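J.: turn this into a model:
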Amino acid sequence: MSAAQLNHVRVATPERVILDDVSLELRHGELTALIGPNGAGKSTLLRTLAGLQACEGGVRLGGRDLAALAPRERARAIAYLAQGGQIHWGLSVREIVALGRTPHSGGGRLSPRDAEAVARALADCGLGEDADRPVTQLSGGERARVLFARALAVVEPQPTLHEPVASPEPGQQMAVMKLLAARTRAGGAVIAVLHDLGLALRYADRIVALGAGRVAADGPPRDIAASGALDRLYGLHFIHGTAGGVATIAARD
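T.: Numbering: from 1, shown residues only. Model (predicted):
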């Protein structure tokens with residue numbers, strides 16, 4: 001059974017069509033990198049999968065119509081981390097991460113299973129030593145890790161929808177991708193918007209490329225890189241290969 005599906009989805013405003021006849025299946029055990037130029041519809045696609053964006057067509061989660069799920073049931077099943085998330089409360093790191101368990105706990109006392117999920121998310125994101133610090137004392141990069149940990153605490157191993165890895169620190173970017181890859185190896189389904197094609201080529205099981213609201217390419221990363229689809233999508237010439245056994249890609253004038 002697929003983790004989630006978009007079936008002939010269309011999203012439009014009076015000014016333009018954002019997604020145009022998009023069909024996509026997310027599968028358990030697969031990390032999908034969603035790429036494409038600015039304005040291609042990537043964020044809208046994630047919001048549609050999360051049930052946050054009205055659309056024409058169908059959206060299914062685990063074989064069920066997403067629109068038929070109660071909001072709390074949907075929140076238990078999908079972890080969605082939006083681009084540019086903010087924290088406006090002076091709570092501790094642990095308390096912020098524990099908010100990811102609200103759909104399960106109802107906002108009440110955490111069960112042992114909830115507490116275990118929070119502790120695991122804190123450890124996975126390297127936040128164990130900062131768990132009791134107020135989030136207001138953290139740097140921007142550290143706050144981004146807290147929000148990521150909150151998303152990890154929500155569900156296991158259901159779909160995780162993740163916006164760009166925006167940290168300027170390469171080590172942190174790689175750490176996030178490794179955690180997402182580990183989530184898929186545990187049976188989860190992850191789709192992550194990536195602007196760094198090198199990260200997509202190295203860590204993703206599959207690349208879905210959007211262009212002008214349509215799926216321009218969909219397949220294994222090496223196949224996508226070799227097909228010329230990226231050249232057409234971005235209007236550049238890409239050179240791909242391996243260095244030290246690691247897949248690489250670079251644009252050339």
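J.: show me where the stretch 51-200 of the chain has its helices.
T.: 71-77, 93-98, 102-105, 112-124, 140-154, 170-185, 197-203 (DSSP state H, counting those that start in this stretch).
J.: tilt between the longest one and helix 140-154?
T.: Compare the direction of helix 170-185 with that of helix 140-154 by axes from the mean of the first three to the mean of the last three Cα atoms, to 10 degrees and you get 10 degrees.
J.: and the contacts of helix 170-185?
T.: Among residues not part of helix 170-185, those counted as contacts by Cβ atoms under 8 Å, 6 or more residues apart in numbering are 28-31, 124-126, 141, 145, 148, 152, 156-157, 160, 162, 165, 167, 190, 192, 196, 199, 202-203, 205. The way it works is simple: take the backbone N, C-alpha and C, and place the C-beta from them, glycine included.
J.: could you redo the last one with a cut-off of 7 Å?
T.: Helix 170-185 is contacted from outside by 29-31, 124, 141, 148, 152, 157, 160, 162, 165, 167, 190, 192, 196, 199, 203, 205, using Cβ atoms under 7 Å, 6 or more residues apart in numbering.
J.: what subset of those residues is buried?
T.: By neighbour count, with 16 or more other Cβ atoms under 10 Å, the contacts of helix 170-185 hold 30-31, 124, 148, 152, 157, 160, 162, 165, 167, 190, 192, 196, 199, 203, 205 as buried.
J.: which one of those residues is nearest Ala217?
T.: Asp205 (14.7 Å; Cβ to Cβ).
J.: that closest one touches Leu31, doesn't it?
T.: Yes - with contact defined as Cβ atoms under 7 Å, Asp205 and Leu31 form a contacting pair (5.0 Å).
J.: where does the prediction get shaky in the stretch 101-250 of the chain?
T.: Within the stretch 101-250 of the chain, the segments meeting pLDDT under 70 span 156-158, 164-168.
J.: what number of residues lie near the closest residue to Leu52 other than its chain neighbours?
T.: The shortest distance from Leu52 to any non-neighbouring residue, by Cβ to Cβ, 6 or more residues apart in numbering, is to Tyr80 (7.4 Å). The tally of other residues near Tyr80 (other Cβ atoms under 10 Å) stands at 20.
J.: ok, Arg72 next?
T.: 12.
J.: give me the distance between Arg222 and Ile239.
T.: Distance from Arg222 to Ile239, counting by Cβ to Cβ, to the nearest Å: 13 Å.
J.: which one's more surrounded, those two?
T.: Neighbour count, other Cβ under 10 Å: between Arg222 and Ile239, Arg222 has more, with 13 against 10.
J.: quick check: closest non-adjacent residue to the more buried one.
T.: Closest residue to Arg222 apart from its sequence neighbours, by Cβ to Cβ, 6+ apart: Ala247 at 7.0 Å.
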